[in-house]
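A.B. asks: heads up, no residue letters with this:
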């Protein structure tokens with residue numbers, strides 16, 4: 001049955017999924033793994049099939065009334081490979097559609113309470129990642145379910161950067177959860193409580209911006225920006241951090257300051273603050289800097305600093321800088337309209353073509369492109385009203401076409417058997433290009449066929465799925 005889940009015939013796939021759903025039983029040791037596999041596979045299927053599978057999984061994992069075993073099942077599901085917040089959210093969203101909003105809210109409140117109790121009972125060596133992933137999904141689909149737990153979440157981001165690694169992981173997840181839950185809580189909070197909570201969270205987030213982990217800096221900055229836009233924390237505080245980072249990068253680039261290992265880590269951390277802030281905040285309209293000339297916006301100057309650091313700075317910094325370029329380009333698509341030397345296009349192309357001991361850079365570049373194209377796809381689906389200042393609908397289209405010209409370089413990464421993670425990410429980039437309608441079928445088919453027969457076997461299913469999609473959309477090309 002499993003082999004037929006990727007069959008070329010949609011009718012055969014539908015029948016195979018139906019059989020796979022009827023065979024799911026939590027008494028089997030492999031049930032959770034099989035359920036996770038179905039959640040991953042349906043991402044590229046039609047709405048009817050997706051709904052059928054999601055309803056079957058909802059019965060399996062979320063049948064009321066909720067109990068501690070419900071949480072254990074969800075945590076086990078979150079621990080499976082390729083599970084992410086989006087897929088967990090789809091399951092919880094189906095729970096709401098099947099059981100109704102009131103029953104769903106009661107269920108998710110019970111799950112949230114149990115999850116927070118479990119996290120608080122964990123020792124210093126326990127990994128809270130999967131429990132917090134469940135909480136993140138709850139915060140996305142039912143922020144009201146966490147209204148009584150804001151104090152606990154606030155405690156999690158106050159551990160500080162010198163806390164044990166598992167506590168810093170928890171702080172990272174708490175930033176995401178608070179970003180989702182706090183605006184809803186703020187609508188019913190007293191002004192004094194809101195002001196007190198906002199000040200404490202602001203202080204905790206400011207401390208996390210000094211963290212050694214880039215992803216923690218990213219989540220803290222994102223939380224800071226989104227809560228500032230909601231008026232919960234002070235916008236001037238995050239702008240102060242941005243201006244400090246901007247000034248340091250400006251001095252580093254313009255004076256060509258030599259960078260030792262410690263200085264490189266600081267520059268990378270500040271680059272993540274700059275990239276994340278520019279993704280969410282319209283800095284040009286809120287601040288001005290004496291270091292920026294009248295003819296150049298802060299966004300353009302920051303983009304130039306980041307590109308210069310990537311292309312001309314120490315090679316060891318490149319894998320850390322390239323995601324920042326993606327953060328900025330998400331809301332400023334116009335930066336991709338030109339393929340001039342020293343710009344975003346050249347930086348992305350360099351990251352794909354670099355040779356030698358550069359597997360991490362290639363992987364980071366492909367992950368950045370995949371996430372960037374997915375954001376553009378979302379903006380295109382929502383229409384022109386979803387585009388921000390730098391990303392009009394026409395601007396996004398031109399940026400997508402620019403990135404689509406990197407298809408040969410991306411396709412080259414698909415065939416790298418020695419880099420399976422990079423090959424998988426490259427397939428992800430091509431899949432988004434296919435959904436956006438910019439994948440050139442005639443040129444991609446030979447490479448995909450070669451990858452199916454002689455590429456990395458770990459990515460064979462993903463490669464066949466993309467090949468099938470290309471053939472179905474352009475059958476004459478085969």
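C.D. replies: Yep, that arrived. All values reported here derive from a predicted model rather than from experimental measurement.
A.B. asks: can we go C-alpha only for contacts and neighbour counts from here?
C.D. replies: Noted.
A.B. asks: Scan the chain for its longest helix.
C.D. replies: helix 359-382 (DSSP state H).
A.B. asks: Return the set of buried residues in it.
C.D. replies: Neighbour counts over helix 359-382 (16 or more other CA atoms under 10 Å) mark 359-377, 379-380 as buried.
A.B. asks: Quick one: distance of it to the chain centre.
C.D. replies: Taking CA atoms, centre = their mean, to the nearest Å, one finds the center of helix 359-382 at 9 Å from the center of the full chain.
A.B. asks: Who are the packing partners of it?
C.D. replies: helix 318-331, helix 344-353, helix 393-404, helix 420-436 (3 or more CA pairs under 8 Å, 6 or more residues apart in numbering; DSSP states H and E).
A.B. asks: That one versus helix 318-331: what angle between them?
C.D. replies: Helix 359-382 and helix 318-331 meet at an angle of 10 degrees, taking axes from the mean of the first three to the mean of the last three CA atoms, to 10 degrees as the criterion.
A.B. asks: Contacts for helix 359-382 next, please.
C.D. replies: With contact meaning CA atoms under 8 Å, 6 or more residues apart in numbering, helix 359-382 is reached by 318-319, 322-323, 326-327, 329-330, 348, 351-354, 386-387, 393, 396, 400, 410, 419, 421-422, 425-426, 428-429, 432-433, 436.
A.B. asks: And stretch 118-131, by the same measure?
C.D. replies: Identification of contacts with stretch 118-131 by CA under 8 Å, 6+ apart yields 75-76, 78-79, 115, 164, 166-167, 169-170, 173.
A.B. asks: now the end-to-end length of it.
C.D. replies: 8 Å (CA to CA, to the nearest Å).
A.B. asks: re earlier: tell me the mean pLDDT for the longest helix of the chain?
C.D. replies: Averaged across helix 359-382, the pLDDT comes to 93.
A.B. asks: Could you tell me the angle between it and helix 420-436?
C.D. replies: 20 degrees.
A.B. asks: for this protein, what spans make up the strands?
C.D. replies: Counting by DSSP state E, the chain yields no residue ranges for strands.
A.B. asks: residue nearest the centroid of it?
C.D. replies: residue 371 (6.7 Å; CA atoms, centre = their mean).
A.B. asks: separation between that one and residue 319?
C.D. replies: 15 Å.
A.B. asks: Tell me which of the helices and strands packed on helix 359-382 lies nearest to residue 455.
C.D. replies: Between residue 455 and the helices and strands packed on helix 359-382, the tightest spacing by CA to CA is seen for helix 420-436, at 8.8 Å.
A.B. asks: Residues touching the closest one, excluding its own?
C.D. replies: 359, 362-363, 366-367, 369-370, 373-374, 377, 404, 407, 410-411, 413-417, 439, 456, 458-459, 462-463, 466, 470.
A.B. asks: With stretch 266-286 instead?
C.D. replies: Here stretch 266-286 makes contact (CA under 8 Å, 6+ apart) with 209-210, 212, 214, 217-218, 221-222, 225-226, 229, 239, 241-242, 245-246, 248-249, 297-299, 302, 306, 317, 320-321, 324-332, 389.
A.B. asks: And the average pLDDT for stretch 80-92 is what?
C.D. replies: pLDDT averaged over stretch 80-92 gives 90.
A.B. asks: buried stuff in that stretch?
C.D. replies: For stretch 80-92, by 16+ other CA under 10 Å, it's 80, 83-84, 87-92.
A.B. asks: now swap in stretch 306-325 and tell me
C.D. replies: Neighbour-count burial for stretch 306-325, counted by 16+ other CA under 10 Å, picks out 306-311, 313, 317-325.
A.B. asks: May I ask which two of those residues are separated the most?
C.D. replies: The most widely separated members of the buried residues of stretch 306-325, counting by CA to CA, are 313 and 323 (15.4 Å).
A.B. asks: circling back to that earlier point, so can I have a markdown table of the helices and strands packed on helix 359-382 showing distance to residue 50?
C.D. replies: Below are the helices and strands packed on helix 359-382 laid out as a markdown table (distance: least, CA to CA, whole Å):
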| stretch | distance to residue 50 |
| --- | --- |
| helix 318-331 | 28 |
| helix 344-353 | 34 |
| helix 393-404 | 28 |
| helix 420-436 | 17 |
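A.B. asks: just those helices: most buried one?
C.D. replies: helix 318-331 (a mean of 25; mean count of other CA atoms under 10 Å).
A.B. asks: helices and strands around that helix, which ones?
C.D. replies: Using 3+ CA pairs under 8 Å, 6+ apart, helix 318-331 sits against helix 261-280, helix 298-312, helix 344-353, helix 359-382.
A.B. asks: JSON lines please, covering those helices and showing distance to residue 190.
C.D. replies: Formatted as JSON lines, those follow (distance: least, CA to CA, whole Å):
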{"stretch": "helix 261-280", "distance to residue 190": "27"}
{"stretch": "helix 298-312", "distance to residue 190": "37"}
{"stretch": "helix 344-353", "distance to residue 190": "46"}
{"stretch": "helix 359-382", "distance to residue 190": "34"}
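A.B. asks: Out of those helices, which gets nearest to residue 142?
C.D. replies: Residue 142 lies closest to helix 359-382 among the helices and strands packed on helix 318-331, at 21.8 Å (CA to CA).
A.B. asks: Tell me what angle that closest one forms with helix 393-404.
C.D. replies: Helix 359-382 and helix 393-404 are oriented at 150 degrees to each other (the same axes, to 10 degrees).
A.B. asks: Out of the contacts of stretch 118-131, who's the most crowded?
C.D. replies: Neighbour count (other CA atoms under 10 Å) singles out residue 173 as the most crowded of those, with 26 neighbours.
A.B. asks: can you pull the contacts of it?
C.D. replies: 129, 132-133, 136, 219.
A.B. asks: if we can go back for a sec, kindly reformat the contacts of stretch 118-131 as JSON lines and extend each row with distance to residue 141.
C.D. replies: Shown next, in JSON lines, are these (distance: CA to CA, whole Å):
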{"residue": "75", "distance to residue 141": "17"}
{"residue": "76", "distance to residue 141": "20"}
{"residue": "78", "distance to residue 141": "16"}
{"residue": "79", "distance to residue 141": "20"}
{"residue": "115", "distance to residue 141": "16"}
{"residue": "164", "distance to residue 141": "30"}
{"residue": "166", "distance to residue 141": "25"}
{"residue": "167", "distance to residue 141": "25"}
{"residue": "169", "distance to residue 141": "22"}
{"residue": "170", "distance to residue 141": "20"}
{"residue": "173", "distance to residue 141": "16"}
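A.B. asks: among those residues, which two are most distant?
C.D. replies: Across the contacts of stretch 118-131 (CA to CA), the longest gap, 23.7 Å, separates 76 and 164.
A.B. asks: Any regions of this structure where pLDDT drops low?
C.D. replies: The chain contains residues with pLDDT under 70 at 26-29, 124-125, 287-296, 357, 383-394, 478.
A.B. asks: Wait, residue 467 touches residue 449, no?
C.D. replies: Yes - using CA atoms under 8 Å, residue 467 is in contact with residue 449, at 7.5 Å.
A.B. asks: Count the neighbours of residue 156 for me.
C.D. replies: Number of residues near residue 156 (other CA under 10 Å) recorded here: 21.
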